[in-house]
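J.: Need coordinates for the below:
(one chain, ligands or ions: 1)
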Amino acid sequence: MRKILLKQKYKIILFVLLSLIVGVIDISFALIIQLFISSIENNDFFIFQLSVVLFVFFILSNYFMTYWLIKIQSIIQKKIHIEMKRRLMDFCLYTDFENIQKVSIGEKINYFEYYMDVYEQYYLNNVWEFIANIFILIIGMGYLLSVSTLITILVLGLGMLSLILPIILGKIVNDMVDKNSKLNSEFLSKIKEILTGMEVIRGYRLEKKFSDEFTQKLVTLEEHTQALGITNGKLNQLSALFQYTIIILCLIIAGAGVIVGKVNLGQLVAVTQVSNMLIIPMQQIGIAVLEIKGSKSIREKLDNLLEYGRKFKHLENYNKKIETLELKNVSLNGDDGRKILDNVTLEFNDRKKYAIIGENGSGKSTLFQVILGIRKNYSGNIFVNGECLKERIITDISFLPQESVIFGKNLSENILLGRENLREKLDEILRRVNISEYFFNNKGMSEIACGSMSGGEKRKINIARTLISNSSLVLMDEFENTLDNETKIMIQDYILEQGKLIICITHNSDEEFLNKMDEIIYLKDGKVVSKNEYETRMSVGVKNNDSSKSGEAL
Ligand SMILES: Nc1ncnc2c1ncn2[C@@H]1O[C@H](COP(=O)(O)OP(=O)(O)OP(=O)(O)O)[C@@H](O)[C@H]1O
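T.: Next up, the predicted model:
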């Protein structure tokens, strides 16, 4: 985060300078009042006219300088916002899968909303307040000292109290801000759960249950936000109390000074004005320090996310065509320490077809995530064309996820995903994955919206997206899911025709298809096992066309 702020250093210096000028202008108001009242006391028309001109000058300069101060502040904030949100998205897009999986969807949305709000309101705004007020305080104190030491000590003493009080109460606000963040994530996760589970909720007639759960989360969040607001309000109230006390005391002391002839009327008004102007900055500084402290834990979390985004973005791309892919003793532990992959050693060669079989939870999809480079915290090594892949990711790869993903765009965009060079292959691929019937509705591909398609139709689009690519390595996770039998056979045939290295995780492929595979790999509890061992444990009647090959995989 410091690096992001450093990028703006010249603008921040300008902001500090403008704050100084605005501080001088603000305090000069009291001096003009003093001049004005003295001119009336002394019947000096020239000074009277001069102070009127100075009042006009004050209004204009105050307006312009404050305008520029706000403008520079908003420019800095805009740049910081863009940079931070961009880096947060980089974190989501580039970070190791482990990191992103651990976090609830509510927490992820929180990064962009609540975290940024806290950063903005509790940190950035208070940093500006702090800078702006510190100058008013220094200049004002200098003026007060020139009039009365007693009043200066009084203002400083009481002002310090109102400055220290919020700092003492900091822990309470700190904890409340953190708790609000947690409640906010839970609330957003609940919304996500309801929106994505709508069909089940309505199917089971659970609308009331979920509406109640939603309301309960909402009420808890709102109650806590209200409590946080009240705590902040109480602090402001205390500050106002100090403010009135100081002004009244200043009036009494300066008034006594006028009576005994040590202070003139102009000074009385100016002193009251300045002390008023000083108390506010002192309180603002106190509140600023409190709120900056309050945002600490969220700032630290943001810092980690931003740092991750920066680090993972710079993984080097491995662009070469993939001839061989080797996994050597690859192991990966889950959060609970359980081995998800256990010493996996495998070799895949160009143009060959591989099937990976294993019961639920045996580590098949995780193996794909490791090859894809979205999980990097494995031990052992992956070699591509003999080169180690640590700190690099393969780009010549195409991947079909277990669950279909639709990006809310039309059919052709969903398949191409911006790869315009593949457009000429669209017609062919649609035919091969059995979705050409859409054309018979006299609709162009760009007119067909995908959101309302059936599960199987979405699957076909996902398969088309995977197989249209020119990449030399294709990973397909349970392609057969939700496909009708005719389409499944068509796609099995199409896979076998491909002159690419294709690895398919499969539960329900036809025996004939599996027999045509170059190798079948059996996974059990994260380990590669032999066909015999697998069958004894699972009673799977799948015939490997070359059992010695699967032995090689051990
Ligand atoms: N970050 C994690 N921490 C702990 N356990 C994890 C983590 N990620 C995955 N797992 C566990 O690892 C196991 C393997 O998951 P994986 O998705 O690879 O299984 P799979 O073989 O693809 O299963 P399926 O056939 O059901 O798709 C599962 O038991 C899963 O709960």
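
J.: after the helix or strand Ile246 falls within comes which helix or strand?
T.: Element membership for Ile246 (DSSP states H and E) is helix 207-259. As assigned by DSSP H and E, the chain's next helix or strand after helix 207-259 is helix 265-294.

J.: how far off helix 207-259 does that next one point, in degrees?
T.: Helix 265-294 and helix 207-259 are oriented at 150 degrees to each other (axes from the mean of the first three to the mean of the last three Cα atoms, to 10 degrees).

J.: Only the C-alpha atoms, please, for the next helix or strand after helix 265-294, written as CSV.
T.: Going down the chain from helix 265-294, the next helix or strand is helix 296-313, by DSSP H and E. The C-alpha atoms that make up helix 296-313 are tabulated as CSV, following Å, rounded to 0.1, in the frame of the first residue of the first chain:
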residue,chain,number,x,y,z
LYS,A,296,-5.4,-1.0,11.1
SER,A,297,-6.5,-4.6,10.9
ILE,A,298,-8.4,-4.2,7.6
ARG,A,299,-5.5,-2.2,6.2
GLU,A,300,-3.2,-5.1,7.1
LYS,A,301,-5.5,-7.5,5.4
LEU,A,302,-5.7,-5.3,2.3
ASP,A,303,-1.9,-5.0,2.3
ASN,A,304,-1.5,-8.8,2.1
LEU,A,305,-4.0,-9.0,-0.7
LEU,A,306,-2.4,-6.3,-2.7
GLU,A,307,1.0,-7.9,-2.2
TYR,A,308,-0.3,-11.3,-3.3
GLY,A,309,-1.8,-9.7,-6.4
ARG,A,310,1.6,-8.1,-7.3
LYS,A,311,3.6,-11.3,-6.6
PHE,A,312,1.5,-13.8,-8.5
LYS,A,313,0.9,-11.7,-11.5
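
J.: same for helix 296-313, what does it pack against?
T.: Counting contacts by 3 or more Cβ pairs under 8 Å, 6 or more residues apart in numbering; DSSP states H and E, helix 296-313 packs against helix 45-94, helix 170-196. All C-beta spots, glycine's among them, are computed from the backbone N, C-alpha and C.

J.: Could you tell me the least trusted of those?
T.: Across the helices and strands packed on helix 296-313, helix 170-196 has the smallest mean pLDDT, namely a mean of 88.

J.: Put the alpha carbons of the helix or strand following it into PDB.
T.: Note on helix 170-196: by DSSP H and E, the next helix or strand toward the C-terminus is helix 198-203. C-alpha atoms of helix 198-203 as PDB (Å, rounded to 0.1, in the frame of the first residue of the first chain):
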ATOM      1  CA  MET A 198     -32.800 -20.200  -5.600                       C
ATOM      2  CA  GLU A 199     -34.000 -23.300  -7.500                       C
ATOM      3  CA  VAL A 200     -33.500 -25.600  -4.500                       C
ATOM      4  CA  ILE A 201     -35.000 -23.000  -2.000                       C
ATOM      5  CA  ARG A 202     -38.100 -22.700  -4.100                       C
ATOM      6  CA  GLY A 203     -38.300 -26.400  -4.900                       C
END
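
J.: And for helix 198-203, what's in contact with it?
T.: The contact list for helix 198-203 (Cβ atoms under 8 Å, 6 or more residues apart in numbering) reads Ile194, Leu206, Glu207, Lys209, Phe210.

J.: who wins for neighbours among the residues you listed?
T.: Phe210 (18 neighbours; other Cβ atoms under 10 Å).

J.: quick one, what contacts that residue?
T.: Taking Cβ under 8 Å, 6+ apart as the criterion, Phe210 is in contact with Ile194, Ile201.

J.: if I look at it, how far off is Gln369?
T.: Counting by Cβ to Cβ, to the nearest Å, the gap from Phe210 to Gln369 is 31 Å.

J.: for Ile503, same thing?
T.: According to Cβ to Cβ, Ile503 stands 13 Å off from Gln369.

J.: what kind of secondary structure is Asp336 in?
T.: Three-state assignment for Asp336 (DSSP: H, G, I helix; E, B strand; the rest coil): coil.

J.: Got the phi and psi for the residue of the stretch 251-400 of the chain at minimum distance from the ligand?
T.: Nearest residue of the stretch 251-400 of the chain to the ligand (Cβ to the nearest ligand atom) works out as Gly334 at 2.5 Å. Backbone torsions of Gly334, given as degrees, to the nearest 10, read phi -80, psi 180.

J.: need the contact list for it.
T.: Ile340.

J.: State the distance from it to Arg202.
T.: Per Cβ to Cβ, Gly334 is found 34 Å from Arg202.

J.: Around the ligand, which positions in this structure sit nearby?
T.: 98, 101, 334-336, 340, 358, 360-366, 402 (Cβ under 6 Å from any ligand atom).

J.: Among those, name the ones in helices.
T.: Glu98, Gln101, Lys364, Ser365, Thr366 (DSSP state H).

J.: Which pLDDT value goes with the second one?
T.: Gln101 carries a pLDDT value of 78.

J.: Can you lay out the ones in helices among the residues of the chain next to the ligand as JSON lines showing neighbour count?
T.: Listed next are those as JSON lines, based on neighbours: other Cβ atoms under 10 Å:
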{"residue": "Glu98", "neighbour count": "16"}
{"residue": "Gln101", "neighbour count": "12"}
{"residue": "Lys364", "neighbour count": "24"}
{"residue": "Ser365", "neighbour count": "17"}
{"residue": "Thr366", "neighbour count": "20"}
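
J.: and the closest residue to Ala288 other than its chain neighbours, what helix or strand is that in?
T.: Excluding the flanking residues, the one nearest Ala288 by Cβ to Cβ, 6 or more residues apart in numbering is Asn126, at 3.7 Å. Element membership for Asn126 (DSSP H and E) is helix 125-147.

J.: What residues of that helix count as buried?
T.: Neighbour-count burial for helix 125-147 flags 125-137, 139-141, 143-144, 147 (criterion: 16 or more other Cβ atoms under 10 Å).

J.: what's the burial count for Asp303?
T.: Per other Cβ under 10 Å, the neighbour tally for Asp303 reads 13.

J.: Pretty sure Leu332 sits in a strand.
T.: Yes - assessed by three-state DSSP, Leu332 belongs to a strand.

J.: one step back: for Glu420, which of the helices and strands packed on helix 296-313 is the nearest?
T.: Distance to Glu420, taken as Cβ to Cβ, is lowest for helix 45-94 among those, at 21.5 Å.

J.: and the direction of the closest one versus that of helix 265-294, what angle?
T.: Interaxial angle, helix 45-94 versus helix 265-294 (the same axes, to 10 degrees): 0 degrees.

J.: Counting by contacts, list what helix 45-94 packs against.
T.: Judged by 3+ Cβ pairs under 8 Å, 6+ apart, helix 45-94 is in contact with helix 2-7, helix 9-41, helix 116-118, helix 296-313.
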